[in-house]
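S.K.: Give the three-dimensional model of this entry:
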Amino acid sequence: MAYETPNAVKSVAKRCAKALKEANSTAPEITRPIILKHYEEIAALNVKFGLLALTREVGVINGQFKER
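M.R.: Numbering: from 1, shown residues only. Okay, here's the model as predicted:
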């Protein structure tokens, strides 16, 4: 079974990754609020996509995880 991410979710994940990179340069402890803020955007889309999946997608974008 292939893991597919909707384009809208990828777009939110990319914005989240960018915000995390910008915030990490000043205060690395504020990552959770940033992820939660972007997850609210996904929840508003009514897409079946969890918080952990968003975190994983951000990791894929940053090169920390490999895409399945």
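S.K.: what comes up buried for the biggest helix by length in the chain?
M.R.: In the chain, with assignment by DSSP state H, the single longest helix is helix 7-24. Across helix 7-24, burial judged by 16 or more other C-beta atoms under 10 Å covers 9, 12, 13, 16, 17, 19, 20. Heads up, the C-betas are built off the backbone N, CA and C, glycines and all.
S.K.: How about stretch 38-56?
M.R.: 38, 39, 42, 49, 53, 54, 55, 56.
S.K.: Outside of stretch 11-20 itself, list whatever touches it.
M.R.: Contact partners of stretch 11-20, identified using C-beta atoms under 8 Å, 6 or more residues apart in numbering, comprise 5, 31, 34, 35, 38, 41, 42, 54, 57, 58, 61, 62.
S.K.: if you set the cut-off to 7 Å instead, what comes out?
M.R.: With contacts defined as C-beta atoms under 7 Å, 6 or more residues apart in numbering, stretch 11-20 is touched by 31, 34, 35, 38, 41, 42, 54, 57, 58, 61, 62.
S.K.: Next, format those as JSON lines and append secondary structure and distance to residue 25.
M.R.: Below are those laid out as JSON lines (DSSP: H, G, I helix; E, B strand; the rest coil; distance: C-beta to C-beta, whole Å):
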{"residue": "31", "secondary structure": "helix", "distance to residue 25": "12"}
{"residue": "34", "secondary structure": "helix", "distance to residue 25": "13"}
{"residue": "35", "secondary structure": "helix", "distance to residue 25": "17"}
{"residue": "38", "secondary structure": "helix", "distance to residue 25": "18"}
{"residue": "41", "secondary structure": "helix", "distance to residue 25": "23"}
{"residue": "42", "secondary structure": "helix", "distance to residue 25": "25"}
{"residue": "54", "secondary structure": "helix", "distance to residue 25": "21"}
{"residue": "57", "secondary structure": "helix", "distance to residue 25": "22"}
{"residue": "58", "secondary structure": "helix", "distance to residue 25": "16"}
{"residue": "61", "secondary structure": "helix", "distance to residue 25": "17"}
{"residue": "62", "secondary structure": "helix", "distance to residue 25": "14"}
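S.K.: No more questions from me, cheers.
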